[in-house]
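Colleague: Show me the folded form of this:
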Amino acid sequence: DTMIALDRAKDLRVLMIGDAIMDKYSFVRVTGKSAKDAILASSITKEESYDGGILAASNHIKGLCSKVDVRSGDKLTIAQKFVEDAHYRKVFSVNHYSEVATVGYPPIEIPAYDLVIVIDFGHGAMTKEMIDKVSKEARFLAVNAQTNGTNYGYNLITKYRRADYVVLDELEARLAASDADGAIEDV
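Modeller: Numbering: from 1, shown residues only. Next up, the predicted model:
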């Protein structure tokens, strides 16, 4: 059954909409504590960057479906994590934003797609207008609305009036239901 479903998926026309993210990992070697401030002194030993957000998700879907179109907002979020090199522990993170040219994108004809997948990290690609448009026009709408450090409590799945398939973790479900400690099955 799984192989049949995967074989059928290759013929789907898929539209992916969401936040474009570049995950940048700056590995640091802690050299000591600052004498004048409550901060760690460190030096960067190496850096690595990976596609994130809609960029990473669309790369996965392109491996399953032959027709995949991608739309993001007008900015790229660079999510930079500083990682302690010896033990691979994240020390802190910083988000930077870079403008992305969206001029020349053809208009989105949402009803022409079999499946619309939204990857919403709360960085601005999913405006109220875009949420309303996909909620009204998508034949089948799958939504992943994530909670992170920059949108905690403000990027809830409840901002979508309709979704046929929803992906949430426990924290995101609890925030949407305003239920911190109920049985997860009830949430």
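
Colleague: burial of residue 8, as a residue count?
Modeller: Applying the criterion other C-beta atoms under 10 Å, we find 10 residues in the vicinity of residue 8. C-beta: built from backbone N, CA, C; applies to glycine.

Colleague: Skip ahead from the host helix or strand of it and say which helix or strand is next.
Modeller: Secondary structure assigned from DSSP states H and E places residue 8 in helix 2-9. Remark: after helix 2-9, the chain's next helix or strand is strand 13-33, criterion DSSP H and E.

Colleague: List the buried residues of that next one.
Modeller: Across strand 13-33, burial judged by 16 or more other C-beta atoms under 10 Å covers 14-28.

Colleague: how many other residues sit next to the residue lying closest to residue 118 once chain neighbours are set aside?
Modeller: With C-beta to C-beta, 6 or more residues apart in numbering as the measure, residue 143 is the residue that lies nearest to residue 118, at 4.5 Å, once sequence neighbours are left out. A count of nearby residues for residue 143, using other C-beta under 10 Å, gives 26.

Colleague: ok, now which ones touch the residue nearest to the spatial centre of the chain?
Modeller: The residue lying closest to the centre of the chain (C-alpha atoms, centre = their mean) is residue 53, at 3.5 Å. Applying C-beta atoms under 8 Å, 6 or more residues apart in numbering, we find residue 53 in contact with 18-21, 72, 77, 119, 121, 123.

Colleague: Residue most distant from the centroid, the protein?
Modeller: Ranked by distance from the centre of the chain (C-alpha atoms, centre = their mean), the top residue is residue 35, with 38.6 Å.

Colleague: Check the secondary structure at that residue for me.
Modeller: coil (DSSP: H, G, I helix; E, B strand; the rest coil).

Colleague: what do you get for residue 186?
Modeller: On the three-state scheme (three-state DSSP), residue 186 is labelled coil.

Colleague: Look at it and say how many residues are nearby.
Modeller: Residue 186: 7 surrounding residues under other C-beta under 10 Å.

Colleague: try residue 124
Modeller: Applying other C-beta under 10 Å, we find 15 other residues in the vicinity of residue 124.

Colleague: Wasn't residue 133 part of a helix?
Modeller: Yes: when classified by three-state DSSP, residue 133 is found to be part of a helix.

Colleague: ok now stretch 127-144, how far from the chain's centre?
Modeller: 16 Å (C-alpha atoms, centre = their mean, to the nearest Å).

Colleague: How about residue 40: which residues does it bridge to?
Modeller: When bridges are assigned using DSSP bridges, the partners listed for residue 40 are residue 33.

Colleague: what ranges do the strands span in this structure?
Modeller: With DSSP state E as the definition, the chain shows strands at residue ranges 13-33, 40-53, 67-84, 89-99, 115-120, 141-145, 165-167.
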